[in-house]
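Chemist: What follows is a predicted structure for the sequence shown.
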Amino acid sequence: MRVISLEKESSKSSSIPEKKQSMANSQSHAHDARLHDTASVRKHLDKHLDIHSSRKQHAASHEKTRETPNHYAGLLISLIAVLALIVVYNFVVMQSLNKKVSVDVEKAQEAAKPALISLTAIYPTDCAVCKDLTTAVQQVKKLNVNVTSSQDFVAGSLDAQALIEKYAIKKLPALLIKGDVDKLAQAGLEKREGALIFADPEPPYYDLEQEEVVGDIIVTIVKDSRCAQCSNLMSLVAQLEKGVGIVITETKQVELSSSTGQQLVQQYGIKQVPALLFSSDASAYPLIVQAWPQVGTVESDGTYVLRQQNPPYMELPSRKIVGLVNVVYLTDKSCTACYDVNNHRQILTGFGMSFAKEETVDVSAARGAGLVKQYTVTKVPTIVISGDVSAYRGFDDIWKRVGSIESDGSYVFRNMEAMRGAVYKDLSTGNVVTAETPTQ
């Protein structure tokens, strides 16, 4: 019984904690249920609020949609106004451009039409050497012109005098061009009083202020006939007439020994003869004026005196002849294929050289061997020049490219390549060689 009682007590005592645990569990479940119910309510409320917010946003979206047509209507009107302004502006610009193009086309068409002009020539009363206006008239007619009339006047006539005064003409002959002169733009033509004037003719011309012909040169040559080797200045005068276009109306040749010759020598300080003198009319030629400072002087009376004479000439007062040269043509007769040494003579005469003595010497001869040794010649044929070589202006500068100038003043040709493919003999090897053509 005691055991049973103990078991009951034990069972009873053990059941008390179980009840307590059960009650605790029930309370915990009830608390969890209440938490669950609260969370559900909150979730339901949040969902309801979200739905409500979504409806409000949807309603606002519908409201904006209802407002959009009115908003874009104002913007559309503004764009239409701007486009209208652009169209109007483009129209105005295009009209302006079309008008300008039309005007330009009309101007171009008008400019393309031949200029209607009249020509009037005025000649001096008496000037046989004066240039005529044929060349000037031909140049004008080559332009896009239609010459409607042409007339000539002589300076002594009333019509010519009236034109000379009106257009302030200073030189004759003169050419007047009237009409559509604005279409003409030609060098040498000057616009005065609505006309184009060709009033600067080539010399000789008649100077109305000085009342004389300008540009008819008188040439004086002072020479010594005893100097047979001296250069002939008449060839130079002929070249100037043809090449420069100067007009020489008189040429005087005066002997040095004459009183006139001696007077000219003293007056102009002449140191070389033959001497060349131009009258003051040479100043009418621009080419002479520009070039003369390099070759001569202009004296106080306007006379042009040539000072740099081409040799040979006689030097005063010593009367020594300057500009004569001696040439030795050095050959090798064993070289039958070698170039002709006389080719050098043609080159030297091209420089205007005058020869006092010429000789051909072979390297096998004593004189030839002596020249080979004296000047260390290694290639033949060649030449050795002596005398007044330096009197020929510019020759030294050219010779430095093809040869040497020795201490005794002799000039030795050495650059075989300058002969362009010439055959020569190399004395150091004994070989016959063809010179290479120099590269550009």
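Modeler: Thanks, I have the structure now. Numbering: from 1, shown residues only.
Chemist: ok, the spatially closest residue to residue 123 that is not a sequence neighbour - how many residues close by?
Modeler: Among residues not flanking residue 123 along the chain, residue 173 sits closest, at 4.8 Å (C-beta to C-beta, 6 or more residues apart in numbering). All C-beta spots, glycine's among them, are computed from the backbone N, C-alpha and C. By the measure other C-beta atoms under 10 Å, the count of residues near residue 173 is 22.
Chemist: quick one: contacts for residue 173?
Modeler: Shown in contact with residue 173 (C-beta atoms under 8 Å, 6 or more residues apart in numbering): 121-124, 130-133, 201, 205-206.
Chemist: Tell me the one among those residues nearest to residue 326.
Modeler: Nearest to residue 326 among the contacts of residue 173 is residue 131, at 48.2 Å by C-beta to C-beta.
Chemist: Not counting its neighbours along the chain, what's nearest that closest one?
Modeler: That would be residue 202: by C-beta to C-beta, 6+ apart, it lies 5.1 Å from residue 131.
Chemist: now residue 161
Modeler: Per C-beta to C-beta, 6+ apart, closest to residue 161 is residue 155, 7.4 Å.
Chemist: That neighbour contacts residue 126, correct?
Modeler: No - under the criterion of C-beta atoms under 8 Å, residue 155 is not in contact with residue 126, lying 9.1 Å apart.
Chemist: more neighbours, these two?
Modeler: A count of neighbours by other C-beta under 10 Å puts residue 155 above the other of residue 155 and residue 126, at 20 against 11.
Chemist: Need phi/psi at residue 130.
Modeler: phi -60, psi 140 (degrees, to the nearest 10).
Chemist: Residue 209 in helix, strand or coil?
Modeler: coil (DSSP: H, G, I helix; E, B strand; the rest coil).
Chemist: which stretches of this protein have low pLDDT?
Modeler: 1-76, 79, 82, 84, 87-112, 185-188, 437-440 (pLDDT under 70).
Chemist: Outline the domain layout of it.
Modeler: 44-108, 115-207, 215-315, 323-434 (automatic domain parsing).
Chemist: chain center to the third one, what's the gap?
Modeler: Think domain 215-315. Centre-to-centre, domain 215-315 and its host chain are 36 Å apart (C-alpha atoms, centre = their mean, to the nearest Å).
Chemist: Show me what counts as buried in the host helix or strand of residue 121.
Modeler: According to DSSP states H and E, residue 121 maps onto strand 115-123. Using 16 or more other C-beta atoms under 10 Å as the test for burial, strand 115-123 gives 115, 117, 119-123.
Chemist: same deal with stretch 193-206?
Modeler: Quick answer for stretch 193-206 (16+ other C-beta under 10 Å): 195-199, 201-206.
Chemist: Next step: the residues you listed restricted to strands.
Modeler: 195-198, 205-206 (DSSP state E).
Chemist: Of these, which is the nearest to residue 244?
Modeler: residue 205 (16.3 Å).
Chemist: where along the stretch 301-440 of the chain do the helices fall?
Modeler: 343-350, 366-374, 395-399 (DSSP state H, counting those that start in this stretch).
Chemist: export these to TSV and tack on distance to residue 414 and mean neighbour count?
Modeler: Putting the helices of the stretch 301-440 of the chain into TSV (distance: least, C-beta to C-beta, whole Å; neighbours: other C-beta atoms under 10 Å) gives the following:
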stretch	distance to residue 414	mean neighbour count
helix 343-350	12	14
helix 366-374	12	14
helix 395-399	10	14
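Chemist: would JSON lines of these with distance to residue 357 be doable?
Modeler: JSON lines is the format used below for the helices of the stretch 301-440 of the chain (distance: least, C-beta to C-beta, whole Å):
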{"stretch": "helix 343-350", "distance to residue 357": "13"}
{"stretch": "helix 366-374", "distance to residue 357": "13"}
{"stretch": "helix 395-399", "distance to residue 357": "18"}
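Chemist: count of neighbours near the residue nearest to residue 118 when sequence neighbours are not counted?
Modeler: Counting by C-beta to C-beta, 6+ apart, residue 149 is the residue found nearest to residue 118 once chain neighbours are left out, at 4.4 Å. A count of nearby residues for residue 149, using other C-beta under 10 Å, gives 11.
Chemist: In which helix or strand does residue 149 reside?
Modeler: strand 145-154.
Chemist: just checking, what packs against that strand?
Modeler: strand 115-123, helix 158-166 (3 or more C-beta pairs under 8 Å, 6 or more residues apart in numbering; DSSP states H and E).
Chemist: Which of the ones you listed sits closest to residue 281?
Modeler: Comparing the helices and strands packed on strand 145-154 by C-beta to C-beta, strand 115-123 comes nearest, at 19.7 Å.
Chemist: helices and strands around the helix or strand just after the closest one, which ones?
Modeler: The helix or strand immediately downstream of strand 115-123 is helix 134-141, counting by DSSP H and E. Secondary-structure packing of helix 134-141 (3+ C-beta pairs under 8 Å, 6+ apart): strand 115-123, strand 174-179.
Chemist: Give the bridge partners for residue 154, please.
Modeler: residue 123 (DSSP bridges).
Chemist: ok, it to residue 166 distance?
Modeler: 17 Å (C-beta to C-beta, to the nearest Å).
Chemist: do the same with residue 403
Modeler: 68 Å.
Chemist: who's more crowded, these two?
Modeler: residue 403 (19 against 12).
Chemist: still on that earlier bit, and which of the contacts of residue 173 is nearest residue 349?
Modeler: Distances from residue 349 to those, taken by C-beta to C-beta, are shortest for residue 131, at 36.7 Å.
Chemist: Looks like the closest one contacts residue 205 (just checking).
Modeler: Yes - taking contacts as C-beta under 8 Å, residue 131 lies within contact range of residue 205: 6.9 Å.
Chemist: Residue 292: how many residues sit nearby?
Modeler: As a burial measure, residue 292 scores 19 neighbours (other C-beta under 10 Å).
Chemist: show me what contacts it?
Modeler: Contacts of residue 292 by C-beta under 8 Å, 6+ apart are 282, 298, 304.
Chemist: out of these, who has the most neighbours?
Modeler: residue 282 (24 neighbours).
Chemist: Just list the residues touching it, thanks.
Modeler: 217, 246, 288-289, 292, 304.
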